[in-house]
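Q: Please work out how this folds:
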Amino acid sequence: MELKELVDGFSKVATASVADAVDKVAGSRGFMDHEIKPRINEKRICGPAVTVLEVPTDEIVPPQHALDLIDESPAGSVICISIRGVENVAVWGGLMTAGAVANKHAGAVLDGGVRDLAEIRRDYDFPVYARSVTPRSTVGRYKTVASQVPVLIGGIMVHPGDIVVADIDGVVVVPIQHAEAVLTMAKEIDLRELEQAKLIISEKTLRTGIAKYGRI
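A: Numbers count the residues shown, from 1 in each chain. Below is the predicted model of the structure:
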């Protein structure tokens with residue numbers, strides 16, 4: 001299945017169904033820690049991950065790997081930046097958002113902070129999922145050291161090319177090698193839950209729906 005077809009498919013299924021399908025197909029958790037949440041709006045994100053790793057430093061340097069990745073990645077990418085859960089440093093702000101919007105990226109997912117919320121909401125309405133909100137910058141504190149490498153975000157290892165699906169329920173990472181099977185199962189889960197909900201409403205009982213479909 002082509003990447004575009006995968007992304008289109010995942011954009012139409014429930015995030016909860018994707019999380020359940022990753023559990024079953026990959027045999028491991030795909031959902032990030034609940035602290036990684038939408039900070040700008042409630043827009044859904046769906047797209048392939050491009051990744052950046054940051055580490056502590058005393059150097060006063062720009063986040064060059066992130067800046068380059070924003071300019072060079074294909075449109076529709078999800079920019080994923082790891083700072084290993086540091087809450088009081090913002091790895092994303094207004095200028096990086098401007099670059100992401102200019103390059104038509106899908107969103108950003110950060111295991112760190114975001115700042116410039118008023119600017120991003122006012123001028124771009126660009127979806128950013130982050131661990132925290134803080135005005136403190138990375139300059140003189142953290143630097144980017146690599147891009148397009150596996151990074152840990154919200155307890156999940158994100159590999160370049162993995163499909164990231166996020167909405168107000170949370171963020172789920174679908175390993176690219178399992179993406180087609182996960183999508184197929186997630187669609188099946190959505191369909192069964194729709195049928196189950198209709199049965200519960202028509203029969204006026206939750207027990208009947210659970211007994212027939214075995215989901216809750």
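Q: Which positions within the host helix or strand of Ser17 qualify as buried?
A: Here Ser17 is covered by helix 15-26, with elements defined by DSSP states H and E. Judged by neighbour count using 16 or more other Cβ atoms under 10 Å, the buried positions of helix 15-26 are Thr15, Ala16, Ser17, Val18, Ala19, Asp20, Ala21, Val22, Asp23, Val25, Ala26. For every residue, glycine as well, the C-beta is placed using N, CA and C.
Q: May I see these organised as JSON lines, with pLDDT and distance to His65 added?
A: Shown next, in JSON lines, are those (pLDDT from 0 to 100; distance: Cβ to Cβ, whole Å):
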{"residue": "Thr15", "pLDDT": "97", "distance to His65": "28"}
{"residue": "Ala16", "pLDDT": "96", "distance to His65": "33"}
{"residue": "Ser17", "pLDDT": "97", "distance to His65": "34"}
{"residue": "Val18", "pLDDT": "98", "distance to His65": "28"}
{"residue": "Ala19", "pLDDT": "98", "distance to His65": "29"}
{"residue": "Asp20", "pLDDT": "96", "distance to His65": "34"}
{"residue": "Ala21", "pLDDT": "98", "distance to His65": "32"}
{"residue": "Val22", "pLDDT": "98", "distance to His65": "28"}
{"residue": "Asp23", "pLDDT": "97", "distance to His65": "32"}
{"residue": "Val25", "pLDDT": "97", "distance to His65": "31"}
{"residue": "Ala26", "pLDDT": "96", "distance to His65": "28"}
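Q: can you redo these as CSV with distance to Ala66?
A: As requested, the buried residues of helix 15-26 are exported to CSV (distance: Cβ to Cβ, whole Å):
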residue, distance to Ala66
Thr15, 25
Ala16, 30
Ser17, 31
Val18, 26
Ala19, 27
Asp20, 32
Ala21, 30
Val22, 27
Asp23, 31
Val25, 31
Ala26, 28
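Q: who's in contact with Ile79?
A: Shown in contact with Ile79 (Cβ atoms under 8 Å, 6 or more residues apart in numbering): Val50, Val52, Ala66, Leu69, Ile70, Ser73, Trp92, Ala100, His105, Gly107, Ala108, Val109.
Q: Revised request: answer the last question for Thr15.
A: For Thr15, the contacting residues are Val165, Ala166, Asp167, Asp169, Gly170, Val172, by Cβ under 8 Å, 6+ apart.
Q: who wins for neighbours among those?
A: Taking other Cβ atoms under 10 Å as the neighbour criterion, Val165 ranks highest of the contacts of Thr15 with 30 neighbours.
Q: picking that back up, name the nearest of the buried residues of helix 15-26 relative to Arg122.
A: Thr15 (27.0 Å; Cβ to Cβ).
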